Every structure is written in structure tokens, then in C-alpha cells.
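Peer 1: coords please:
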Amino acid sequence: AILSALGPEGVLLTLDSDLDAVRHAKKTFANDSRVIVEHSAFSKIKKIVEKHNLTGLDGVLLDLGVSSPQLDNAERGFSFRLDGPLDMRMDRTAGKTAADWLQKASQKEIEEVLKNYGEERYFRRIARALVTERDKYELDSTGDLAEVVKKAIPTLEKNKHPATRVFQAIRIHINRELDELTQCLQQIIGLMN
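Peer 2: Below is the predicted model:
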């Protein structure tokens with residue numbers, strides 16, 4: 001839709017930290033010289049704009065959170081419905097996996113993540129259960145995490161998986177999503193034409 005309204009001299013700069021999304025975008029827009037596709041976090045937008053000698057931005061659209069292709073691929077570790085490795089990284093070339101973090105994080109840190117990023121009501125119970133279970137065996141799959149959460153919660157919400165908020169919270173933490181957004185927004189203000 002943006003390209004249909006963009007003139008021949010216009011440029012559409014796209015950034016994504018997910019290499020699968022970058023590959024898809026490069027393939028989809030391979031024949032349009034107006035499109036620049038970069039493997040990058042949103043927080044690097046100023047460097048990317050400078051790299052391509054762009055004079056500024058006329059508009060910005062941020063696609064935040066997780067996408068269907070990420071949720072539908074068990075190997076990515078975002079879904080509690082599909083058992084796979086407990087990864088959750090948008091950029092699988094950098095940073096700790098969710099499994100690595102859960103194995104080493106203190107109970108207090110896990111509590112804070114679940115409370116602040118997931119608004120999880122039972123954050124203390126779940127954090128305590130995760131620490132107890134990780135001492136018995138390595139929590140390295142989405143199924144393991146979902147099962148521990150399910151057992152830790154005393155009451156289940158109708159039509160909602162008990163691990164929904166926990167997966168959201170851990171994903172936001174692992175990918176530093178709110179920090180990325182804050183840094184990006186601060187840079188965009190100075191980049192807008």
C-alpha cells in the first residue's frame with residue numbers, strides 16, 4: 001500500500017531483526033529499486049538512515065510484537081501451542097534464548113518480568129514453580145514452560161491458555177522490546193522531515 005502511493009524518487013526503508021522476515025522482504029521486493037531492506041533492530045534506525053544517505057523520514061510505521069509466521073513455526077519458540085525449543089528471540093543471531101535466561105535468572109527477576117511485561121496475576125507462584133522445576137530438569141522447550149505455568153496457576157481463565165501472559169512477558173524481556181521501542185521513538189523525532 002505504501003509503495004502504491006510512493007513516487008519514483010521515493011524510498012521505502014524497511015528494518016526487521018528477524019532474518020526470515022528480511023529474506024521474505026528481499027524476495028518480495030527484489031524488483032523494486034525504491035525498497036531498501038535491512039536486517040536491523042528498530043533502535044538502529046538513525047544509523048541505517050545515515051548509511052543510506054537519506055535526508056530524513058516522511059513517515060514511520062512500526063510493526064511491533066510477534067507475527068503469525070513466528071507463532072506458526074515451533075522452532076522459533078514463541079508458541080505455547082506448538083512444542084519446540086524455548087528460544088523466543090526475534091533475531092536468532094544474537095542474545096540469550098528464553099531457555100538460557102530462565103535457567104540463570106533469579107526468582108525475583110523472573111517475578112519482575114512476569115509482573116511488568118505480562119501483568120501476570122500469579123507472577124510469584126509461577127516464578128517460584130519455574131525455579132523449582134529448573135533445579136530438577138532443564139526447561140528447554142515451550143511445552144515444558146507451558147506445563148509448569150499451567151500447574152502453578154490455581155484457577156484457569158475461560159478461553160485463554162494459562163501461559164499466554166507468561167510467554168508474552170518472557171518474549172518482551174528476551175527481545176528488549178520496550179527498550180528498542182523507546183530508543184527508536186527517540187531517534188525518529190530527530191529524523192522526521
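Peer 1: how about whichever helix or strand Arg23 is part of as CSV, C-alpha atoms only?
Peer 2: Under the criterion of DSSP states H and E, Arg23 resides in helix 19-28. Taking Å, rounded to 0.1, in the frame of the first residue of the first chain, the C-alpha atoms of helix 19-28 are listed here in CSV:
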residue,chain,number,x,y,z
LEU,A,19,16.2,-12.8,9.3
ASP,A,20,13.2,-14.8,8.0
ALA,A,21,11.2,-11.6,7.6
VAL,A,22,14.2,-9.9,5.9
ARG,A,23,14.6,-12.8,3.4
HIS,A,24,10.9,-12.7,2.7
ALA,A,25,11.0,-8.9,2.1
LYS,A,26,14.1,-9.1,-0.1
LYS,A,27,12.4,-11.7,-2.2
THR,A,28,9.1,-9.9,-2.4
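Peer 1: which strands and helices sit next to that helix?
Peer 2: Packed against helix 19-28 by the contact rule (3 or more C-beta pairs under 8 Å, 6 or more residues apart in numbering; DSSP states H and E) you find strand 12-16, strand 35-39, helix 68-72. To be clear about C-beta, it is placed using only N, CA and C from the backbone, and glycine gets the same treatment.
Peer 1: could you pull out the helices for this protein?
Peer 2: Using DSSP state H, the helices of the chain run over 2-5, 19-28, 45-51, 68-72, 98-104, 107-118, 123-136, 142-152, 164-174, 177-191.
Peer 1: pull the helix or strand with minimum mean pLDDT from this protein.
Peer 2: In the chain, the helix or strand scored least confidently by mean pLDDT, DSSP states H and E is helix 68-72, which has a mean of 78.
Peer 1: picking that back up, out of the helices and strands packed on helix 19-28, which is closest to Leu61?
Peer 2: Each of the helices and strands packed on helix 19-28 was scored for nearness to Leu61 using C-beta to C-beta, and the closest is strand 12-16 (9.4 Å).
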